[in-house]
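Novice: for reference, the sequence and a predicted model appear below.
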Amino acid sequence: MASVTKVLYESHCNIEDSSMTILKGEFAMILIVSAPESLSLRELQERFQEAERSFGLFIFLKELEEIERVPRLSLGSPYMLSVLGSDKPGIVYRVTQALASCGINITDLNTKTLESGEVPVYVMILEIEVPPEVSPKMLNVELKRLEKELNIDITWKPINSIKL
């Protein structure tokens, strides 16, 4: 992180949004960066060459279209949803499909497989926005159905949003 952010700092760039995590021992990050108009994408890519060589990084740069900055409007009430179960194909698909069918927006999703004894445990944490027309009772019925079908445990609770 320090080598990448050093290049950005020395290039007079500003990190506007970011997501960073470790996936199976590999560090991954996505950054939305604003740069001076005088700095070309090619020049910035060249400035990253030393960091790529020194740390074995793969850095991909893409220029984004300029978008009008509009405050994001909440589409509903925020909840944290946790899924635990034996690791098997289809958990992410079935849970996200069920949420989508209810009109629920997923704002963040993370998964991990934890080695615990003989059977790996699959963990999925989602942040979701539940629209006003979806009652907690209706969501609970759908989640209980999934628990039974997939032999998983699902818990969910409201989360407080940070208002700036």
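Specialist: Cool, got the structure.

Novice: does residue 65 count as helix, strand or coil?
Specialist: coil (DSSP: H, G, I helix; E, B strand; the rest coil).

Novice: distance check, it against residue 135.
Specialist: For residue 65, the distance to residue 135 (C-beta to C-beta, to the nearest Å) stands at 38 Å. Where C-beta positions appear, they are placed from N, C-alpha and C, glycine not excepted.

Novice: more crowded one of the two?
Specialist: Of the pair residue 65 and residue 135, residue 135 is the one with more neighbours under other C-beta atoms under 10 Å, namely 10 against 4.

Novice: where in this structure is pLDDT low?
Specialist: Applying pLDDT under 70 to the chain flags residues 67-74, 161-164.

Novice: hmm, 80 instead?
Specialist: Applying pLDDT under 80 to the chain flags the ranges 66-75, 116-117, 119, 161-164.

Novice: longest helix of it?
Specialist: What stands out as the longest helix in the chain, according to DSSP state H, is helix 136-150.

Novice: tilt between the helix or strand just after that one and helix 136-150?
Specialist: For helix 136-150, the following helix or strand on the C-terminal side (DSSP states H and E) is strand 152-158. Strand 152-158 and helix 136-150 are oriented at 160 degrees to each other (axes from the mean of the first three to the mean of the last three C-alpha atoms, to 10 degrees).

Novice: so which helix or strand takes in residue 5?
Specialist: Residue 5 belongs to helix 2-10 when assigned by DSSP H and E.

Novice: CA atoms only: put that helix into CSV for me.
Specialist: Coordinates of each C-alpha in helix 2-10 appear next as CSV, following Å, rounded to 0.1, in the frame of the first residue of the first chain:
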residue,chain,number,x,y,z
ALA,A,2,2.8,2.4,0.9
SER,A,3,4.5,2.0,-2.4
VAL,A,4,1.3,2.6,-4.4
THR,A,5,0.2,5.5,-2.3
LYS,A,6,3.6,7.1,-2.5
VAL,A,7,3.5,7.2,-6.3
LEU,A,8,0.0,8.7,-6.1
TYR,A,9,1.1,11.3,-3.6
GLU,A,10,4.2,12.2,-5.5
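
Novice: which residues touch that helix?
Specialist: Helix 2-10 is contacted from outside by 14-15, 29, 31, 33, 44, 47-48, 51, 54-55, 57, 59, using C-beta atoms under 8 Å, 6 or more residues apart in numbering.
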